[in-house]
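S.K.: output the structure for:
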Amino acid sequence: MLHRGDKPVILSAGRIYCDLVFADLPRMPTLGSETFAGGVSLHAGGGAFNSAVAFSVLGWSSALLGTLPAAPFDKPVLDEGRALGLDLSLCLPAPAGSAPQITVAMALQNDRSFLSHKAGSAFPVLDANAPVCRSVRHLHIGELKSLCEEPGLIVTARKAGWSVSLDCGWDDDLLRNGNEVAEFIAAVDVFLPNESEYAALRSSGLPEHCCAVTVVKEGSAGARALAKGKTIHRPSFPANVVDTTGAGDAFNGGFLSAWLAGEDLATCLENGNRCGAMAVKHAGGTSGMSLAALPKR
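M.R.: Below you'll find the predicted structure:
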């Protein structure tokens with residue numbers, strides 16, 4: 001893996017979900033019909049959680065900032081996070097009476113759809129004086145929506161001297177207003193949308209080179225990076241696809257690990273694609289990356 005150094009902390013911030021993943025579907029459900037999945041599993045989820053796991057697997061000290069799903073769905077998140085070595089000291093329980101924050105993921109062979117319910121604030125106010133924050137080097141924000149809701153997070157990060165990356169996430173309202181969200185995207189160092197998200201933002205007014213480095217994840221076609229007026233593309237790695245949930249988050253971990261280590265963009269893309277290929281081999285957003293970290297027998 002490409003991380004070097006003495007394990008500085010990467011802090012991932014964003015909504016934390018409990019994912020109910022239906023895998024191996026013959027087709028997507030339609031109104032008035034029923035579809036049977038080949039498998040089902042329960043996992044911690046959300047872009048921030050999945051990317052935090054990828055950072056941990058790649059050798060970083062990895063911390064998470066978020067509001068936990070309401071009980072009993074907080075337990076799978078806490079159990080999985082602790083088992084994978086995440087620092088959860090900045091995560092707070094959901095307010096009393098909160099509705100569960102859950103995602104139902106439906107996975108076909110090469111793609112997936114999500115049905116999600118979000119509740120309350122994505123994460124508590126960040127205390128930059130918390131013990132874990134003394135060692136943070138980089139902040140990764142799991143979705144554009146959360147940054148738009150809490151733009152002060154960028155101010156806190158910059159005052160602390162942290163670099164910042166941002167994933168996009170699908171949000172109909174935001175994707176229709178690329179010109180209005182441009183200021184948020186321009187405020188980070190690396191923006192990491194997928195191809196559909198980026199196309200929607202561009203068509204609604206987002207400038208092509210809004211961010212210093214924009215990385216567009218293209219699934220089985222690989223990924224491309226736009227920086228300093230140039231575009232670099234690297235193809236994906238072959239993989240037996242079981243579930244694509246979390247592949248983009250695993251890509252984030254691989255790309256940013258190399259980027260923080262000072263690698264060139266081509267190497268960063270290759271490392272991201274490699275991690276994305278690990279993720280799709282198992283059901284759930286983190287299983288592929290976490291199993292890759294287990295000792296080989």
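S.K.: how many other residues sit next to D264?
M.R.: 12 (other C-beta atoms under 10 Å). To be clear about C-beta, it is placed using only N, CA and C from the backbone, and glycine gets the same treatment.
S.K.: who's in contact with it?
M.R.: Counting by C-beta atoms under 8 Å, 6 or more residues apart in numbering, D264 makes contact with nothing.
S.K.: report pLDDT for it.
M.R.: Here the pLDDT value assigned to D264 is 97.
S.K.: ditto for D74
M.R.: For D74, the predicted pLDDT is 93.
S.K.: could you do Q109 as well?
M.R.: So Q109 comes in at 64 (pLDDT).
S.K.: again, but for G45
M.R.: 89.
S.K.: now do the SS call for the nearest residue to it once chain neighbours are set aside.
M.R.: Among residues not flanking G45 along the chain, D19 sits closest, at 3.3 Å (C-beta to C-beta, 6 or more residues apart in numbering). D19 carries the three-state label strand when classified by DSSP: H, G, I helix; E, B strand; the rest coil.
S.K.: ok, D19 to N271 distance?
M.R.: Note on D19: its distance to N271, by C-beta to C-beta, to the nearest Å, is 25 Å.
S.K.: for those two, indicate the residue with more neighbours.
M.R.: Between D19 and N271, counted using other C-beta under 10 Å, D19 has the larger neighbour count: 28 against 25.
S.K.: right, and the more buried one touches P100 too?
M.R.: No. D19 is not in contact with P100 according to C-beta atoms under 8 Å; the separation is 11.8 Å.
S.K.: where do the helices of the chain begin and end?
M.R.: Secondary structure of the chain by DSSP state H: the helices cover 47-57, 74-83, 144-149, 152-160, 172-175, 178-186, 195-203, 247-260, 265-279, 287-292.
S.K.: ok, which of the ones you listed comes nearest N129?
M.R.: helix 152-160 (9.8 Å; C-beta to C-beta).
S.K.: F55 versus the residue of the chain positioned farthest from its centre, what's the distance?
M.R.: Distance from the centre of the chain peaks at G32, with 33.5 Å (C-alpha atoms, centre = their mean). Going from G32 to F55 by C-beta to C-beta gives 43 Å.
S.K.: could you check the pLDDT of K296?
M.R.: Note for K296: predicted pLDDT of 32.
S.K.: one more: E143?
M.R.: On the pLDDT scale, E143 gets 96.
S.K.: what number of residues lie near the closest residue to it other than its chain neighbours?
M.R.: Once flanking residues are discounted, E143 sits nearest to G169: 3.3 Å by C-beta to C-beta, 6+ apart. If you count neighbours by other C-beta under 10 Å, G169 ends up with 23.
S.K.: and the pLDDT at the residue lying closest to A250 once chain neighbours are set aside?
M.R.: Using C-beta to C-beta, 6+ apart and skipping the chain neighbours, the partner closest in space to A250 is A279 (3.7 Å). On the pLDDT scale, A279 is placed at 77.
S.K.: with M1 instead?
M.R.: 37.
S.K.: same thing with P238?
M.R.: At P238, pLDDT is 80.
S.K.: distance of it from G253?
M.R.: P238 is 20 Å from G253, by C-beta to C-beta.
S.K.: the nearest residue to L265 once chain neighbours are set aside: neighbour count?
M.R.: Spatial nearest neighbour of L265, excluding adjacent residues (C-beta to C-beta, 6+ apart): A225 at 4.6 Å. Counted with other C-beta under 10 Å, the neighbours of A225 add up to 23.
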